Structures are given as structure tokens and as C-alpha cells.
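K.L.:
sharing a model prediction with you, sequence too.
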Amino acid sequence: MNKQPQNHTYQRIHVISQNLIAVFKFIREFTVSLTVTAVAVALIVIVVRQLLQNTIVVQPIAVPQSMAEKGFTSQVTGQWILDQIIQMQNQAETVKDSQALAQQWQQFDMEVPGSGLSLQTIGQVLRQSLGIEQRQISGEIVETPAGYLMRFRISGDPPTSIVTQTKYLDVSHLYTDAAQHVMQMIDPFIYAAYLYASKDYANLDAALQVSLSSKDVDNQKFAYNLMGSRLDETGQYHAALQAYKEALNIDPSFAIVHRNMANTHYEYRDFKPALADYRKAVKLKRSLRDDIFESRLLERVAATLNKSQHIKKIALLEQSIKKNPNNLVAANTLAMAYYASATPAGYQKAADIFAGSAANKEIKDHEFYWLWGNVLKALGKCELAKQKHNAAFKIKPDFSTERITDCPVNP
């Protein structure tokens, strides 16, 4: 009588166990499928990156036996030259990206399961079939009685090479000299930027000319910009502006050039073009914004306006103070512009500007207090006017012989 319920229970357990086995089998197969898919996707990504990367691969550099016996093998030499190039790239002060480099002996590689082929081999086959060449640096160093003779080659279209003799017998100097020659071949502007940052101006002009002769327009526009900066530093303002214009002819949206032109115009006291170029630069690249510089530009442009442009002058000065509330020159000029209106409202606005500038900070500008005193005198506030004039005399006792002896009737 009790066997039937027991058999029924066993049947239920058997069915559940079979279902669990089926579920676990599905999960396992699904997991394996996902893993295979993920590995395939990862391999495809790696191969595609190898195809698209613009990395130049440094091969071991052949060296004489005398160097190899001291530990400076072909691989060590290639690594040292690469390290020197990367160090120079890091020292170059520029926003331009440096040429990516890699060691041939340290490139990532693995064998694709079931194919018998490595990722590097697959990448090379695909490059050849698509006409995409992997640029490489190779070369050799030969010891001569006069020093070392170096030859370096860079594959590409067209391939380039350089042969140079160095008098250095010290290996570290040899590697530095080799790195500079190679860097000028593969990344001429970054080499010029490195020389500029190192203040090696004697070799800078030649490096810039190499960069300008490059077919790479990026090299050309950056070279013209750097040339402009150097010319500006040496006081050759017109030549600097011309170099900047050459850069803009190549790339009108080159924001940093507009910013540099603003600096050059400012130094040449040509404030209106300076303000125009500064605003173009900021419009193209917001990170170039400099409120203090813009405030100074607005204030200087306002100073060039005549009496008939009184309203425009006030507007520019108000913008200047808004950009930099600590611009005392702009505050003084704006206050005096209101003061020149010779109206009670103008006098009051001038007084408010002086009071606002002096709030919560110590000012050590005798002219500021002197002008403030004049405004208060015009308002008939004689005692306050005397206090401000006394403050001016305290800062600079010989500033003026004029003293407030009386005040007009408060208008």
C-alpha cells in the first residue's frame, strides 16, 4: 500500500535531476560560447589596432664587436636610442602629439589557437594585402679611427636614410647624437620644439626649416607657429605676425596661433587687433580663456577711444572690470569717465566704483585715492575727500602739492 507514493516521489526526483542537468549543460555551453566570442572579439580588436596604429617600430641597431663586448649590444643600443627619443619628446613643450614608437622585441604577440599563426604574422599579412606598411627604424654603427659612423634608415614611401659621423667616443654621447638625428627624421617638429624648450637656438632655425619642408601640413603649421613665437621673443614683431599668418593659411582654425598673435599685437601696443585675435582664439578653444588678459585688453582698447566715443568707452571699461574686478587701472579710468560727465549721477557712479574697488582689500595706489578724493570733493563730501587725499599722500608724500582747502556746495 505504501510503495506507490514512494515510487511517485522517486519519479519526481528523477525528473527534477534531469531538468537540472539540462540547465547546467545549457549554462556551460552558453558560457563557453560567450568565452569563445569574447576571445574572438578581443583578437579582432588587437589585429585592427595593429593595422590602424601609426607606430614606428625600432629594430635592433647593428654595432661593432667592441661595443657588444662591453654590453652595448644591438638590442641595448636600440633601446637606449629609443629612450633618448622619448625623453626628448617629453621635454618638447607643444600640444602636438609626438610620433608613437615601440621596440620590435617588446611588441605584444601571441599565437592564435588552432591557426599556427601569431598575431604579428596575421597583422603583417593583412598590412601587405591592404597596402599598409609598418614603418621601421633600422641601422648600424661602425667604429672608425675618427669616431663612429652611423647610418639609420626609416622604411616608408619613400624610405629615408641618414649617414652621420660623430667624434664622440663616449657611448652615452653617441646615443644622444644618434637619437637627435633619428628624431629629426621621424618627427621634425617635435625635434624643433625640443630644441626650443632646451634653448638651443643655434640649431633651432635649421630644425624649423626641415619641419617646413616636410609634406606633413601639421608639421608645417606648428613650425610656423613656433617660428612666430621665437621671432616675437627677439622683438621681430612684424616677422612674427607674418609667420603666424602662414600658419593660419594652412589651418584657419588653429586656435593657439590666434592666441599668440594676440600676445604679439599687445606687445606691439596694437590693442584692437589683439582683442580680436584673443576672442577668435577663445571661440575656437575655450581652454585658452584668460579673464585677466582680456580685462587688460578691454581697458587698453578703451583708452584709445576719443571723447565722441564716450558711451562705447564706458561699456568696454565695465566689461573689463567684470572680467577682472581687481583691475584698478580700468576702475580708475571708468570712474573718471563718469566723473567727466560733470553730473551728480556721474559723480555718484564714480564714487561707487572707487568704493567697490576698495571693499575688502588693501589698495596701495596713490592715484586711486587721489582720484577718489576728487570725486568726493565734487559731491561736496569734503571730509571724506580729505581722508582719501591724505591716504594718497601717505603712500607717496611727494605726489602733489595740491591740498583740499574748501569744498563746493553739495550739488
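P.N.:
Happy to help now that I have it. Numbering: from 1, shown residues only.

K.L.:
do you have the helices of the stretch 201-350 of the chain handy? List them.
P.N.:
Along the stretch 201-350 of the chain, the segments classed as helices by DSSP state H, counting those that start in this stretch run 201-212, 217-233, 237-250, 255-267, 271-284, 291-303, 310-323, 328-339, 344-358.

K.L.:
elements contacting the last one?
P.N.:
The reference is to helix 344-358. helix 328-339, helix 366-378 (3 or more CB pairs under 8 Å, 6 or more residues apart in numbering; DSSP states H and E). From N, CA and C alone the C-beta is placed, and that goes for glycine too.

K.L.:
low pLDDT regions in the stretch 101-250 of the chain?
P.N.:
Scanning the stretch 101-250 of the chain for pLDDT under 70 picks out the ranges 103-134, 157-159, 167-169.

K.L.:
separation between residue 83 and residue 175?
P.N.:
Distance of residue 83 to residue 175, given as CB to CB, to the nearest Å: 8 Å.

K.L.:
who has more neighbours out of those two?
P.N.:
Neighbour count, other CB atoms under 10 Å: between residue 83 and residue 175, residue 175 has more, with 23 against 13.

K.L.:
what sits against that one?
P.N.:
Counting by CB atoms under 8 Å, 6 or more residues apart in numbering, residue 175 touches 77, 80-81, 84.

K.L.:
pLDDT (mean, whole number) over stretch 318-325?
P.N.:
The pLDDT scores in stretch 318-325 average 93.

K.L.:
in that stretch, what counts as buried?
P.N.:
Residues of stretch 318-325 classed as buried: 318-321, 323-325 (neighbour count, 16 or more other CB atoms under 10 Å).

K.L.:
and for stretch 321-339?
P.N.:
Using 16+ other CB under 10 Å as the test for burial, stretch 321-339 gives 321, 323-325, 327-335, 337-339.

K.L.:
find the nearest non-adjacent residue to the most centrally placed residue in the chain, please.
P.N.:
In the chain, the centroid-proximal residue (CA atoms, centre = their mean) is residue 95; its distance is 3.4 Å. Once flanking residues are discounted, residue 95 sits nearest to residue 256: 6.7 Å by CB to CB, 6 or more residues apart in numbering.

K.L.:
before we move on, back to that, dump the helices of the stretch 201-350 of the chain into TSV; add distance to residue 369 as well.
P.N.:
TSV is the format used below for the helices of the stretch 201-350 of the chain (distance: least, CB to CB, whole Å):
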stretch	distance to residue 369
helix 201-212	46
helix 217-233	37
helix 237-250	37
helix 255-267	29
helix 271-284	27
helix 291-303	19
helix 310-323	18
helix 328-339	10
helix 344-358	8
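
K.L.:
leaving out chain neighbours, which residue sits closest to residue 210?
P.N.:
Distances taken as CB to CB, 6+ apart put residue 188 closest to residue 210, at 4.7 Å, once the chain neighbours are dropped.

K.L.:
right, and that neighbour touches residue 206 too?
P.N.:
No. Contact status for residue 188 versus residue 206: not in contact, 10.5 Å apart, counting by CB atoms under 8 Å.

K.L.:
which one of those two has more residues nearby?
P.N.:
Legend: neighbour count by other CB under 10 Å for residue 188 and residue 206, higher for residue 188 (24 against 12).
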